[in-house]
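[1] let's see this in three dimensions:
(one chain, ligands or ions: 2)
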Amino acid sequence: MKNNNFFNMSKFMGMDSSYDTADLVVYGVGFDGTTSNRPGTRFASSAMRNEFYGLETYSPILDLDLEDFNICDIGDLDLSIGNTDIVLDEIYTATKGIVNDNKIPFMIGGEHLVTLPAFKAVYEKYNDIYVLHFDAHTDLRERYNNNNNSHATVIKRVWDIIGDNKIFQFGIRSGTKEEFDFALNQKHTYMEVGSITTFKKIIESLADKNIYLTIDLDVLDPSIFPGTGTPEPGGITYKELENTFKILKQYNINIVGCDIVELSPDYDNTKVSTITACKILRELSLVICNNKS
Ligand code: MN
Ligand code: MN
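    Ligands and ions are numbered 1, 2, ... in the order given. Just a heads-up that it's a prediction; the model follows:
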């Protein structure tokens with residue numbers, strides 16, 4: 001582990017390229033305005049910056065090192081918290097700027113709704129795009145709490161934009177009957193991400209496509225990841241998730257936009273959930289940069 005200098009304390013370790021030279025741009029979006037159950041995801045990115053120091057920059061599983069890639073952590077977006085529509089616009093504008101500068105955006109949520117404006121900005125550049133969605137929940141409601149734009153509707157709003165056969169969901173184990181009927185009709189929802197053969201087959205078929213990857217961290221089992229607002233038993237292990245990263249690397253998948261969402265650090269006083277989120281950030285950053293170069 002590099003003993004970093006004092007001035008980098010607020011940055012994710014090994015993500016200290018200048019913005020101009022960066023291929024991957026990491027930014028925090030502390031928004032949890034439509035959270036229905038237990039709020040707190042707004043604190044995720046700042047908690048992660050504090051815990052990242054326990055991690056090495058090198059990943060033995062991937063045999064890749066953060067120090068070999070150009071990654072810039074630009075910190076947290078300054079958001080107009082309290083007004084959801086304005087916040088969504090601000091996320092869209094920030095992401096659009098990164099994409100227009102030919103860099104790959106990697107957003108740290110926040111609640112899952114933040115994926116919508118980020119995805120929109122990426123979609124406008126890469127029209128032919130597929131979405132990989134890891135989650136415990138379908139997030140396919142048409143409306144939730146009288147709201148079209150919610151963490152519980154976000155993937156339906158993404159579907160509104162890209163339509164059938166473009167979204168692949170993994171680890172899903174919670175939703176209404178209507179959501180499951182909708183998803184299963186599309187043949188794109190997989191309840192078991194543990195079925196690594198299925199995952200591999202799908203990834204193989206996407207090998208030459210542009211991918212937007214969104215990971216709702218509650219896809220992990222709450223016994224290993226209790227730090228989230230809507231924990232749902234029956235989830236995957238870290239090892240299973242890690243295997244999917246290896247497969248993304250193996251097939252050289254071209255990830256053009258990415259986010260991890262729904263860490264709510266204060267529900268896990270051991271901080272293991274926060275550290276797990278940090279490790280996922282490291283592994284995915286490595287895969288994205290490696291596959292790009
Ligand atoms: Mn979820
Ligand atoms: Mn979700």
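[2] tell me where the model's unsure across the stretch 1-150 of the chain.
    Flagging of the stretch 1-150 of the chain using pLDDT under 70 yields the residue ranges 1-10.
[3] and the strands in it?
    With DSSP state E, counting those that start in this stretch as the criterion, the stretch 1-150 of the chain has strands at 24-28, 58-59, 64-65, 71-76, 104-108, 129-134.
[4] can you give me the angle the fourth one makes with strand 104-108?
    Taking axes from the mean of the first three to the mean of the last three Cα atoms, to 10 degrees, one finds that strand 71-76 is oriented at 50 degrees with respect to strand 104-108.
[5] how about strand 71-76: buried residues?
    By neighbour count with 16 or more other Cβ atoms under 10 Å, strand 71-76 contains the buried residues 71-74, 76. For the C-beta atoms, the positions are set from N, CA and C on the backbone; glycine is no exception.
[6] could you find the closest non-adjacent residue to residue 291?
    In space, and not counting its chain neighbours, residue 291 is closest to residue 252: 5.0 Å by Cβ to Cβ, 6 or more residues apart in numbering.
[7] what's the burial count for the one you found?
    Counted with other Cβ atoms under 10 Å, the neighbours of residue 252 add up to 12.
[8] how much space between it and residue 104?
    15 Å (Cβ to Cβ, to the nearest Å).
[9] residue 204 too?
    From residue 204 across to residue 104, the span is 22 Å (Cβ to Cβ).
[10] which parts of the stretch 151-293 of the chain are helices?
    Ranges of helices within the stretch 151-293 of the chain are 154-162, 177-185, 196-205, 238-250, 272-292, based on DSSP state H, counting those that start in this stretch.
[11] could you dump the ones you listed to TSV with mean pLDDT, distance to residue 45 and mean neighbour count?
    Below are the helices of the stretch 151-293 of the chain laid out as TSV (pLDDT from 0 to 100; distance: least, Cβ to Cβ, whole Å; neighbours: other Cβ atoms under 10 Å):
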stretch	mean pLDDT	distance to residue 45	mean neighbour count
helix 154-162	95	18	21
helix 177-185	87	29	15
helix 196-205	87	28	14
helix 238-250	96	20	18
helix 272-292	98	9	22
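[12] reformat these as CSV; add distance to ligand 1.
    Compiled in CSV, these are given as follows (distance: least, Cβ to the ion, whole Å):
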stretch, distance to ligand 1
helix 154-162, 10
helix 177-185, 12
helix 196-205, 18
helix 238-250, 14
helix 272-292, 14
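[13] can I get the ones you listed in JSON lines with distance to residue 25?
    Compiled in JSON lines, the helices of the stretch 151-293 of the chain are given as follows (distance: least, Cβ to Cβ, whole Å):
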{"stretch": "helix 154-162", "distance to residue 25": "21"}
{"stretch": "helix 177-185", "distance to residue 25": "31"}
{"stretch": "helix 196-205", "distance to residue 25": "24"}
{"stretch": "helix 238-250", "distance to residue 25": "19"}
{"stretch": "helix 272-292", "distance to residue 25": "10"}
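[14] what's the closest of those to residue 57?
    helix 272-292 (7.7 Å; Cβ to Cβ).
[15] helices or strands up against the closest one?
    If contacts are counted by 3 or more Cβ pairs under 8 Å, 6 or more residues apart in numbering; DSSP states H and E, helix 272-292 sits against strand 24-28, helix 44-51, strand 58-59, strand 64-65, strand 104-108, strand 210-216, helix 238-250, strand 254-261.
[16] got the angle for the first one vs strand 71-76?
    Relative orientation of strand 24-28 and strand 71-76, computed by the same axes, to 10 degrees: 20 degrees.
[17] output strand 24-28 in PDB with nothing but the alpha carbons.
    What follows is strand 24-28, C-alpha atoms only, in PDB (Å, rounded to 0.1, in the frame of the first residue of the first chain):
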ATOM      1  CA  LEU A  24     -12.100   7.200 -15.600                       C
ATOM      2  CA  VAL A  25     -13.800   9.900 -13.500                       C
ATOM      3  CA  VAL A  26     -15.200   9.000 -10.100                       C
ATOM      4  CA  TYR A  27     -17.700  11.300  -8.300                       C
ATOM      5  CA  GLY A  28     -20.000  11.100  -5.300                       C
END
